[in-house]
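In: Provide a 3D model corresponding to the input given below.
(2 chains)
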Amino acid sequence: MEHPLHFYNTLTRKKERFIPLNPPFAGLYVCGPTVYGDPHLGHARPAIAFDLLFRYLKHLEYKVRYVRNITDVGHLENDADQGEDKIAKKARLEQLEPMEVVQYYTDRYHVCMDLLNVEKPSIEPRASGHIIEQQQMIEQILKNGFAYEVNGSVYFDVEKYNKKYNYGKLSGRVLDDLMTNTRELDGQDEKRFPYDFALWKKANSEHIMRWPSHWSEGFPGWHLECSVMSTKYLGKKFDIHGGGMDLLFPHHECEIAQSVAAQGEDAVRYWMHNNMITINGQKMGKSLGNFITLQELFTGAHKILTQAYSPMTIRFFILQAQYRSTLDFSNDALQASEKGMQRFFAAVKSMNNLVPKETSTVDIKSLRNNCYEALNDDLNSPVVIAHLFDAVKMINSVSAGSESISKNDLDELKRLFRDFFFDILGMKEENASASDNEILKDVVNLMLNLRMEAKAKKDFVTSDKIRDELTKLGFEIRDKKDGFDWTLKS
RNA sequence: GGUCUCUUGGCCGAGGGGCUAGGCAGCGGUCUGCAAAACCGUGUACAGCGGUUCGACUCCGCUAGAGACCUCCA
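Out: Down below sits the predicted model:
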């Protein structure tokens, strides 16, 4: 590859060059949502971060299979083996079938992802659709001696596993430390060791989601689905596994243990973790109750918001931080993103109206490589955006007449925006429907032409009135040397 | 308590031993009938204290503060 892509591998704790196992193919698995609640801002981060990766890998002409799961079963409410299934609990609260809840929130998630212009993954498997495969993996782990059965439940034998392999290599944990640090947990009596985790859990009588198995009627443990579905669709060894940093331990650590226990070697080659979105410096999360749903952002219906923010504003906001940094959320920060993003779209519009000259006084040659360099350095989207802002400045200068651009350079500039701003960063014009409305366009142009006539007659009362009224309606009017320009703001 | 991470100007956020990040906001100017937009100019920012170094905001140590994981979490 001409542009070597590097990213930070959590497993090795350093940036590594990405060399896929079977080029030109690349396999990517990302932990998707547990569908028992409305998608919130936190869900947007990994979705967008790995959407960026997906898009960039495709841009680099890899044939990517992107698998992002839907967790619709198996995550327990409280302590590993005492709680009830989250989805079952919600179902009982709302008097709905569990699968009805799953469907409802899956649909909500999809709607939000579409609005955020997050591309659909190649495969979106559900845990509930892979019960048999999960049982097969449990059998394999049992056969290899790294699990034991107690009263119809099957647990992973962490201590035994750690004698042969290294439990904790991803999160940097040492099992001995974990042992000395053991806390009192209820209902651990079935386990040999507190850090053992369930592979299969016998369902109690009230538990609604249950499947038959050799061991009991029950349900699979929480970490199993990802091990199973990733390798099922990407192979026993595959390139990239992504997810939020909060899943690093125990979820991803257990995934590694399961895969290694089942097949004798790691499944994942590069582990990538996105950081959290914070609010007032604190992680936004369900348990803290300080999360803000995407719906609330899109409608402005939240007390810390002064207005609604469009999905593209959210996307731009998230891309303005590198995915491994925490991103502090606030109304002010969103407002800054919205303004900046609007400058982009205004510049793109005026780029398409630029008239090329014989020669260029702007230097656009380095822009493309600068953007590649930023992306190749662990997907540094904020730096890409900074370079694109340089391009915005050039466009505006040419538009203002203080600089000129050649036909070739203008074409390259257009390609630059198409490739990086639209295709890779995944930005898109939002109120296209409004400004694409021909009749609306004609009416606004009519009004503004009347205004021009008034101005020509120095009838500024009339001309200002037209401008002010249109502004009130949400239009932005910009006078030009010989004419005008306008946009409908969202 | 254990493990780990972070602390950049009013806000968000890159970066990296000596070279302007960028955006938003602010201030001054140009343009304009006035605006808006745009353009030009404008900020002695790197938590504190030591150390290493010719030179540190960037490396090391300590102190303070914040956070993450250790329990479901994106």
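
In: so what's A:Glu476 up against?
Out: A:Trp486, A:Thr487, A:Leu488, A:Lys489 (Cβ atoms under 8 Å, 6 or more residues apart in numbering). For every residue, glycine as well, the C-beta is placed using N, CA and C.

In: if we go to 7 Å?
Out: By Cβ atoms under 7 Å, 6 or more residues apart in numbering, the residues touching A:Glu476 are A:Trp486, A:Thr487, A:Lys489.

In: Are any of these buried, and if so which?
Out: A:Trp486, A:Thr487 (16 or more other Cβ atoms under 10 Å).

In: from the contacts of A:Glu476, which is closest to A:Lys407?
Out: Distance to A:Lys407 across the contacts of A:Glu476 (Cβ to Cβ) is lowest for A:Thr487, with 26.0 Å.

In: Would you mind measuring from the residue lying closest to that closest one once chain neighbours are set aside to A:Ile466?
Out: Closest residue to A:Thr487 apart from its sequence neighbours, by Cβ to Cβ, 6 or more residues apart in numbering: A:Glu476 at 5.1 Å. Separation of A:Glu476 from A:Ile466 (Cβ to Cβ, to the nearest Å) stands at 14 Å.

In: cool, A:Gly221 as well?
Out: For A:Gly221 relative to A:Ile466 (Cβ to Cβ), the value is 67 Å.

In: Of those two, which one has the most company?
Out: Per other Cβ atoms under 10 Å, whichever of A:Gly221 and A:Ile466 has more neighbours is A:Gly221, with 25 against 18.

In: Can you check the pLDDT for the residue lying closest to that one once chain neighbours are set aside?
Out: With sequence-adjacent residues excluded and distances taken as Cβ to Cβ, 6+ apart, A:Gly221 is closest to A:Ala198, at 3.8 Å. A:Ala198 is assigned a predicted lDDT (pLDDT) of 93.

In: count of residues packed around A:Ala198?
Out: Neighbours of A:Ala198 using other Cβ under 10 Å come to 25.

In: ditto for A:Glu217
Out: 12.

In: what residues are up against it?
Out: Taking Cβ under 7 Å, 6+ apart as the test, what A:Glu217 contacts is A:Ala203, A:Arg210.

In: Next, it: phi, psi?
Out: phi -80, psi 120 (degrees, to the nearest 10).

In: now the helices for the stretch 301-450 of chain A?
Out: Here the stretch 301-450 of chain A has its helices, by DSSP state H, counting those that start in this stretch, at A:311-319, A:331-351, A:365-376, A:381-400, A:407-416, A:432-435, A:438-456.

In: do the stretch 51-200 of chain A as well
Out: A:86-94, A:98-115, A:131-143, A:158-164, A:175-180.

In: RNA strand B: which of the ones you listed is closest?
Out: Closest of those to RNA strand B is helix A:175-180, at 4.5 Å (criterion: Cβ to the nearest atom of the strand).

In: would JSON lines of the helices of the stretch 51-200 of chain A with mean pLDDT, mean neighbour count and distance to A:Leu470 be doable?
Out: Below are the helices of the stretch 51-200 of chain A laid out as JSON lines (pLDDT from 0 to 100; neighbours: other Cβ atoms under 10 Å; distance: least, Cβ to Cβ, whole Å):
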{"stretch": "helix A:86-94", "mean pLDDT": "72", "mean neighbour count": "18", "distance to A:Leu470": "47"}
{"stretch": "helix A:98-115", "mean pLDDT": "94", "mean neighbour count": "18", "distance to A:Leu470": "28"}
{"stretch": "helix A:131-143", "mean pLDDT": "97", "mean neighbour count": "19", "distance to A:Leu470": "59"}
{"stretch": "helix A:158-164", "mean pLDDT": "93", "mean neighbour count": "18", "distance to A:Leu470": "67"}
{"stretch": "helix A:175-180", "mean pLDDT": "75", "mean neighbour count": "12", "distance to A:Leu470": "65"}
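
In: Could you dump those into JSON lines and include distance to RNA strand B?
Out: Formatted as JSON lines, those follow (distance: least, Cβ to the nearest atom of the strand, whole Å):
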{"stretch": "helix A:86-94", "distance to RNA strand B": "6"}
{"stretch": "helix A:98-115", "distance to RNA strand B": "10"}
{"stretch": "helix A:131-143", "distance to RNA strand B": "15"}
{"stretch": "helix A:158-164", "distance to RNA strand B": "12"}
{"stretch": "helix A:175-180", "distance to RNA strand B": "4"}
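
In: for A:Val383, what are its contacts?
Out: A:Ala374.

In: just the helices of the stretch 301-450 of chain A: most buried one?
Out: Ranked by mean neighbour count, these are led by helix A:311-319 with a mean of 24 (mean count of other Cβ atoms under 10 Å).

In: what's the angle from that helix to helix A:381-400?
Out: 120 degrees (axes from the mean of the first three to the mean of the last three Cα atoms, to 10 degrees).

In: Run the chain-centre distance for helix A:311-319.
Out: Taking Cα atoms, centre = their mean, to the nearest Å, one finds helix A:311-319 lying 11 Å from the centre of the chain it belongs to.
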